Structures are given as structure tokens and as C-alpha cells.
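> let me see the structure of the following:
(4 chains, ligands or ions: 4)
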2 protein chains.
Amino acid sequence: MRSPSELAQVFRDKHLKLTPQRQLLFSLLHQNPSHPTAESLYEIASKQMPGISLRTIYQTLGELAEMGELQLVDVGIGATRFDPNIGDHHHFVCESCRAIHDVDILTAPKMSLRNGGGFAVDEVGVIFRGRCNRCNHKQQVRSPGSQAKNKASN
Amino acid sequence: MRSPSELAQVFRDKHLKLTPQRQLLFSLLHQNPSHPTAESLYEIASKQMPGISLRTIYQTLGELAEMGELQLVDVGIGATRFDPNIGDHHHFVCESCRAIHDVDILTAPKMSLRNGGGFAVDEVGVIFRGRCNRCNHKQQVRSPGSQAKNKASN
DNA sequence: TTTTAATTTGCAGCTATTGCTAGCTAACAA
DNA sequence: TTGTTAGCTAGCAATAGCTGCAAATTAAAA
Ligand SMILES: [Mn+2]
Ligand SMILES: [Mn+2]
Ligand SMILES: [Zn+2]
Ligand SMILES: [Zn+2]
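Ligands and ions are numbered 1, 2, ... in the order given. Below you'll find the predicted structure:
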């Protein structure tokens, strides 16, 4: 994570203004490991800066992503998620509550020779889908006979 | 791939009618390995069945997916893709032309111990992003040795 | 046939996002 | 300080990609 003064420098170098909106969003993101949506950041931001525009949220998040200061995560359900963790990692998505959790993987996926030829791969994204701990417990309480397919206990 | 008569049986068992629309879409899908969108199937279907509704395309594709006859593939850009290949495989997405290609992987990704505990994983999706063979060649031919993003200006 | 439940269609409506642009303002110069 | 201005924000229209609804239609059982 970049410090506010480092951020200021990065902005200056790109002829970008260090506006209150940008500073707020940058700090909100870095306090928030939940992979929030633009909309949810908007709600949080609005408390500290009433009147801020949702348009500005999208605008700023897009810029920060272009600058490599954050990652866009699209898990295929609903809105794009924004991730201040720009390190190499992957995601688990709970199909019940839609929470997203960071995931480290042990073995990086490799394409087989068969389809590997001719593609220039820039990035690989792995999405694990299932039910999170909390949602699993809820389900078990409701229907104590049923079981999830696969527990990732390895 | 299921034969038309097998399909008829499956439908009958579920009290689903074997309508011309469903038969058409089923066959179009199985002729089409390009992971088409609903919209593109609509265009193709409209030629053989003018007046077919886009709503029906969505409806039918959704039903077929629920029946396990096809897979929904969401690669995070634009529309959902529909895949008659229901075997276990993954995808490469060209970020230039948005073509999607099937990918077999050599090593299945495993979550690390750290984050593995407590998640019930139903499925794992791997998406490789980059440039396909064709788009790679185009770029090289058009601007040999140049790094310019924008060639539109004269 | 007749009946009837399933299906199709058209259209309204929705979510997430982008396009546009009139004012506003951070930053730099004087 | 003040002025200048490139860059920014807010607001609203517009868009893509669907989904909800209900009237009209139809496959298929009776
Ligand atoms: Mn993350
Ligand atoms: Mn496929
Ligand atoms: Zn959950
Ligand atoms: Zn391509």
C-alpha cells in the first residue's frame, strides 16, 4: 500500500490533481479488504463527503486501476469489485452471500501444450466458487442432512 | 453431445415441449464452438426462423443451462457466453478480439491451507487472458517495431 | 377434436456502467 | 495574492445486457 505522500507524487507526475475525492477514495479502499463495489464505496464515501457523485467514484476507481493502484475483479455476478491488493492472488466467491475472499494458490495453472501454442497469456485468473464458512453453517442448521460437495481442507 | 431424439426424451420427461425454437437453438449451439452470446445466436437463429424473439433465446438458453445441457461462461467482459461443451475445461480470452478458446489445464489449482479452511468449493474456473494468435500477428504486421498505441492520427 | 398447461413474444423495467458537458478548482505562474 | 487554465466533478442522459410480466399462441395429452 502506498502512503498518501507517495500517492501525491504519483499524481503530480501524471498531471493529475490531488483532489479530496481522490484522496478519500484511495484511503477508503485501503481500509477495505472486502472487495467492495462502486456502489458500496459510494455509500461509505457519501458519509464523509456528502454530495460526492457516483460518477466520480467510477471515474476515480477507473483511473486508479489504470495507474495500477488497484485491481478490478469481475467474478461474473453483479457489479465489478475493486481490490486494493494488487499482489498476485486469486478469489473465492460465495455463491450464497456473494462475499469475496482472497485466495493463494499452491500450483499456478498451466495451459496444456495442446492449446498453449499461439496464445500470448498476460494474466491468469482463478475463481473458486462455493459457499463460505458462515453460509455453510446457516445451511446446515436449516437442513442438517445435506452436505456440500467439496470441502477444501487440503 | 446429445442427439435430437435423446433431447426429445429429456424434454418429455420434464414436461417441456419440444418446440421449433428449442430444437433450433439446441442445434445451433452444437454447431458453434465459438462460445456465442445470446445476441449472436439471435442473429443466426433469425435467419432460419425470422421473428424469433430475443427473449426466447435467453429463456431457452437459461433452461438448457439449468438442465445441464450447456454451460454459461462469464469471462468478465460483455455478455455471457454459452458453451455446448459441458466437459471440464477452462478458457482463454483474447483481450483484443474477445474470442474465447477452450483450454485444458495440466494442474488443477488448489487453494493454500491458509485460505482453504472453511470454504466449500463447488467449482473452479480458470481464465487465461491475453492475445490470440491472429491478433498477435495483426499487431506485428501493422506496426513492426513500434510501440505506439494510437495510429489513427496522421 | 378439445382442453390445457407450457411456451413465446413484446415490451416495460432494471442494474451497472459510460458519455457528455457545464461549471468548478487545484496547481502553477506572475 | 491573484489570475490562468488544464484538469476535475457532478448530474443526467444514454447504453448494454438482461429479467419480469402477461396476453396471445401452441404442443401435446385426453
Ligand atoms: Mn483480492
Ligand atoms: Mn468452452
Ligand atoms: Zn457466504
Ligand atoms: Zn484475438
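> is stretch A:125-140 in proximity to ligand 1?
No: using C-beta under 5 Å from the ion, stretch A:125-140 never reaches ligand 1; the gap is at least 10.7 Å. Just so you know, the C-beta spots here come from the backbone N, C-alpha and C atoms, and that holds for glycine as well.
> ok, residues contacting that stretch?
A:75-76, A:90-97, A:99, A:101, A:103, A:105, A:109, A:146, A:148-150, A:152, B:109, B:111, B:118-127, B:129 (C-beta atoms under 8 Å, 6 or more residues apart in numbering or on different chains).
> and the contacts of the lengthiest helix in chain A?
Counting by DSSP state H, the longest helix found in chain A is helix A:54-66. Helix A:54-66 is contacted by residues A:16, A:21-22, A:25-26, A:29, A:38-39, A:41-42, A:45, A:70-72, A:82 when judged by C-beta under 8 Å, 6+ apart.
> mind redoing it with 6 Å?
A:21-22, A:25, A:38, A:41-42, A:70, A:72, A:82 (C-beta atoms under 6 Å, 6 or more residues apart in numbering or on different chains).
> one step back: go through the contacts of stretch A:125-140 and flag which are in strands.
The strands, defined by DSSP state E, take in A:90-94, A:101, A:103, B:120-127, B:129 from the contacts of stretch A:125-140.
> please pick the buried ones from these.
Among the ones in strands among the contacts of stretch A:125-140, those buried by neighbour count (16 or more other C-beta atoms under 10 Å in any protein chain shown) are A:90-94, A:101, A:103, B:120-121, B:124-127, B:129.
> how about TSV for those residues, with pLDDT and distance to DNA strand C added?
Below are these laid out as TSV (pLDDT from 0 to 100; distance: C-beta to the nearest atom of the strand, whole Å):
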residue	pLDDT	distance to DNA strand C
A:90	96	19
A:91	96	15
A:92	96	19
A:93	96	14
A:94	94	16
A:101	95	19
A:103	95	21
B:120	93	24
B:121	94	24
B:124	94	23
B:125	95	18
B:126	96	21
B:127	96	17
B:129	95	16
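> report the central residue of chain A.
residue A:83 (3.3 Å; C-alpha atoms, centre = their mean).
> that one and residue A:108, how far apart?
19 Å (C-beta to C-beta, to the nearest Å).
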